[in-house]
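**Student:** Kindly generate the corresponding structure for this input.
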Amino acid sequence: MTSAEVTRRRVMGAGLGAVAAGLAGCSGGSGPVRRLRLATGPEGGPYNAFGEALARAVAASGRRLEIVPVSTSASVDNLRKLDDGSVELALAMADAAEDAVLGRESFTRPAAVTALARVYVNYTHLLVPADGSVRSVSELAGRPVAAGATGSGVQVVAGRVLRAAGLGDGSAAALERQLGLAASAAALRERAVDALFWSGGVPTPALAGLARELPLRFLPLDGYVDVLRQGHGPVYSAVTLPAGVYGLTEPVGTVGVGNYLLARDDVPRSATRELLQVVFERWSDLLREVTAGARLEPRFAISTGAVPLHPGAVTYYRSVYG
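**Tutor:** Residues are numbered from 1 along each chain as shown. Modelled structure (predicted):
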């Protein structure tokens with residue numbers, strides 16, 4: 001059993017007791033405002049929208065906290081900033097966060113990262129022009145593919161899907177282009193790439209807009225979930241893009257990846273408890289801009305895999321479970 005799993009079992013079994021009394025006095029007060037920088041993502045993207053919404057919610061709460069969103073390239077970039085201390089909080093996809101904690105792939109050593117909550121699930125989108133010839137991932141061999149910006153979580157999951165499909169290297173490799181979402185959409189519209197990877201909530205506004213301009217085909221990816229789980233653990237799951245979004249006439253199975261709200265372990269416990277109080281009080285406002293129909297519940301939020309919960313988060317969840 002991992003240390004993260006032990007922590008979560010203790011959270012589940014702990015009682016309310018004195019913890020609730022401690023929480024009752026942690027908001028308001030006359031002390032100095034604690035300023036926490038939150039690494040989000042590119043301006044106009046879902047992480048940036050979540051970060052801005054969280055900053056507004058915290059400001060409106062009257063708590064002695066200030067959240068300062070910082071625009072970045074997203075997951076991998078955010079985790080590096082969290083580790084080097086240039087931010088105190090970050091958003092990141094679960095696969096990249098586990099890589100950081102375990103010191104693998106993009107990370108040469110374990111990073112100083114803890115989790116506050118699993119906040120929602122990203123859906124992996126792989127789309128091609130509907131009038132094109134590509135109907136499966138294997139047909140992307142030798143073709144240019146927009147595979148996420150450098151330092152993004154999209155880049156991580158896109159590369160893994162392509163490798164699972166046998167398109168990661170050699171003569172059969174897809175030609176990965178490191179592009180952010182806006183540049184990826186423009187490249188697909190102009191036929192500069194033959195496919196576009198994206199990982200985000202449903203619907204993602206930029207892709208909904210693209211679908212109104214260009215008829216799209218969404219390629220199924222759920223057949224790769226087992227291979228991804230075998231290679232990288234249970235951070236990946238089978239999810240479904242529902243009929244009706246992006247003009248889809250039927251559901252499309254794909255790969256789901258959780259998104260974590262993270263903190264350095266040296267952020268004070270009181271600050272993380274207060275922040276989580278705001279997150280759970282205002283979750284519907286926070287998620288409105290990033291994914292439709294999602295809910296945030298404590299039993300879901302503590303599912304952070306190999307990423308250990310911050311001690312302040314442990315205290316908060318103990319109070320919730322009673």
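
**Student:** How many residues are close by A208?
**Tutor:** Using other CB atoms under 10 Å, the number of residues around A208 comes to 13. C-betas here are computed from N, CA, C, even on glycine.

**Student:** quick one: secondary structure of it?
**Tutor:** Under DSSP: H, G, I helix; E, B strand; the rest coil, A208 falls in the helix class.

**Student:** How about it, nearest residue that isn't a chain neighbour?
**Tutor:** Distances taken as CB to CB, 6 or more residues apart in numbering put Y246 closest to A208, at 6.0 Å, once the chain neighbours are dropped.

**Student:** which residues does V279 contact?
**Tutor:** Neighbour list for V279: 54, 57, 116-117, 119, 261, 286, 296 [criterion: CB atoms under 8 Å, 6 or more residues apart in numbering].

**Student:** Who wins on neighbours among the residues you listed?
**Tutor:** The most crowded member of the contacts of V279, judged by other CB under 10 Å, is A117 (29 neighbours).

**Student:** Closest one to V145 out of the contacts of V279, please.
**Tutor:** V119 (28.2 Å; CB to CB).

**Student:** who touches that closest one in this structure?
**Tutor:** Contacts of V119 (CB under 8 Å, 6+ apart): 50, 91, 259-261, 279, 283, 286-287, 296, 301.

**Student:** so of those, which ones are in strands?
**Tutor:** 91, 259-261 (DSSP state E).

**Student:** Drop the exposed ones from those residues and show what's left.
**Tutor:** 91, 259-261 (16 or more other CB atoms under 10 Å).

**Student:** I'd say S71 and N48 touch.
**Tutor:** Yes: the criterion here is CB atoms under 8 Å, and S71 meets it with N48 at 6.2 Å.

**Student:** Find the residues that touch each one of those two.
**Tutor:** Overlap of the contact sets of S71 and N48 (by CB under 8 Å, 6+ apart) consists of 40-42.

**Student:** possible to save those residues as CSV with secondary structure?
**Tutor:** Listed next are those as CSV, based on three-state DSSP:
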residue, secondary structure
T40, coil
G41, coil
P42, coil
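
**Student:** Can you check the residues you listed and name whichever has the most neighbours?
**Tutor:** Using other CB under 10 Å as the neighbour test, the shared contacts of S71 and N48 are led by G41, with 31 neighbours.

**Student:** G209 versus that one, what's the distance?
**Tutor:** 18 Å (CB to CB, to the nearest Å).

**Student:** What's the mean pLDDT across stretch 33-51?
**Tutor:** For stretch 33-51, mean pLDDT rounds to 93.

**Student:** Could you pull out the buried residues of it?
**Tutor:** Buried residues in stretch 33-51, counted by 16+ other CB under 10 Å: 34, 36-42, 45-51.

**Student:** Columns distance to V239 and pLDDT on top of the contacts of V279, output as CSV?
**Tutor:** Listed next are those as CSV, based on distance: CB to CB, whole Å; pLDDT from 0 to 100:
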residue, distance to V239, pLDDT
L54, 24, 97
A57, 27, 97
L116, 23, 98
A117, 19, 98
V119, 15, 96
L261, 20, 98
L286, 20, 94
L296, 17, 92
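
**Student:** On the three-state scheme, the residue nearest to A208 is what?
**Tutor:** Per three-state DSSP, the local secondary structure of Y246 is helix.

**Student:** A292 too?
**Tutor:** Strictly by three-state DSSP, A292 counts as coil.

**Student:** Show the contacting residues for the spatially closest residue to it that is not a sequence neighbour.
**Tutor:** Excluding the flanking residues, the one nearest A292 by CB to CB, 6+ apart is V202, at 6.1 Å. Applying CB under 8 Å, 6+ apart to V202 gives the contacts 123, 241-242, 245, 291-292.
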